[in-house]
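>>> how would this look folded up:
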Amino acid sequence: TLPVYCTMTFASGGRSLTGCTLPCFALTAQSLGVSALGLNCSVGPVQMYDMMSKLAQYTDLPLICKPNAGMPDPATGLFDVEAAEFAALCARTAACGVTLFGGCCGTDPTYIRALSDRLQDAQFERPELMETAYLICSASQIRDIRSCAATHVFSDHAAADAMKRRDYSGLAEVAESLEGDALVLDIH
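Next up is the predicted model:
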């Protein structure tokens, strides 16, 4: 079996184009069994540092960092971060637990060579991991099921059957038919 590495693009606000948050991405990708996860494209290495710091709190998987060479000048198309600065800024993310590095838009072999040289002296660390065992998420929200006040616990054969068949549309119909404003359904 080959390893699966998954990277996703996030804007400077920490959301994907579809609204996915960094923690939701980490929890979802990890639960799908990826071997490593991280971020690519869209932002330069300055913004990537903060995003990688946040991502590292939600997974113990190897982390990937592949930023752009800054942002392109609309008039010239040239990116605003040179190879040496790119390497220095990327190397900071080693303290966030990043161990897999690369470059996206605006980078070339010069950037990767400078990054490789700079990483020779990097301090690779890993920040403290959050307790994620009780977290569930949608694409944009996380809930800790231990403190979720709006939980609906019920026994329902239709829901159980839908779960067994992986019929998520059917399960959604059952959930929508329930009264109340539960954020979490606990099906027995």
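>>> Which strands and helices lie in contact with the helix or strand encompassing residue 111?
Using DSSP states H and E, residue 111 sits in helix 109-119. Applying 3 or more CB pairs under 8 Å, 6 or more residues apart in numbering; DSSP states H and E, we find helix 109-119 packed against helix 83-92. Glycine gets a C-beta too; all of them are placed from N, C-alpha and C.
>>> then the helix it packs on to PDB, C-alphas only?
Once non-C-alpha atoms are left out, helix 83-92 reads as follows in PDB (Å, rounded to 0.1, in the frame of the first residue of the first chain):
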ATOM      1  CA  ALA A  83      14.600  32.300  -2.600                       C
ATOM      2  CA  ALA A  84      16.700  33.100   0.500                       C
ATOM      3  CA  GLU A  85      13.800  34.800   2.300                       C
ATOM      4  CA  PHE A  86      11.400  32.000   1.200                       C
ATOM      5  CA  ALA A  87      13.800  29.400   2.800                       C
ATOM      6  CA  ALA A  88      14.200  31.400   6.000                       C
ATOM      7  CA  LEU A  89      10.500  31.800   6.400                       C
ATOM      8  CA  CYS A  90       9.700  28.200   5.600                       C
ATOM      9  CA  ALA A  91      12.400  26.900   8.000                       C
ATOM     10  CA  ARG A  92      10.500  28.600  10.900                       C
END
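>>> picking up where we left off before, buried sites along the helix holding residue 111?
111-112, 114-115, 118-119 (16 or more other CB atoms under 10 Å).
>>> With distance to residue 104 and pLDDT as extra columns, can I get those in JSON lines?
Formatted as JSON lines, the buried residues of helix 109-119 follow (distance: CB to CB, whole Å; pLDDT from 0 to 100):
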{"residue": "111", "distance to residue 104": "10", "pLDDT": "97"}
{"residue": "112", "distance to residue 104": "11", "pLDDT": "97"}
{"residue": "114", "distance to residue 104": "15", "pLDDT": "97"}
{"residue": "115", "distance to residue 104": "12", "pLDDT": "97"}
{"residue": "118", "distance to residue 104": "17", "pLDDT": "95"}
{"residue": "119", "distance to residue 104": "17", "pLDDT": "96"}
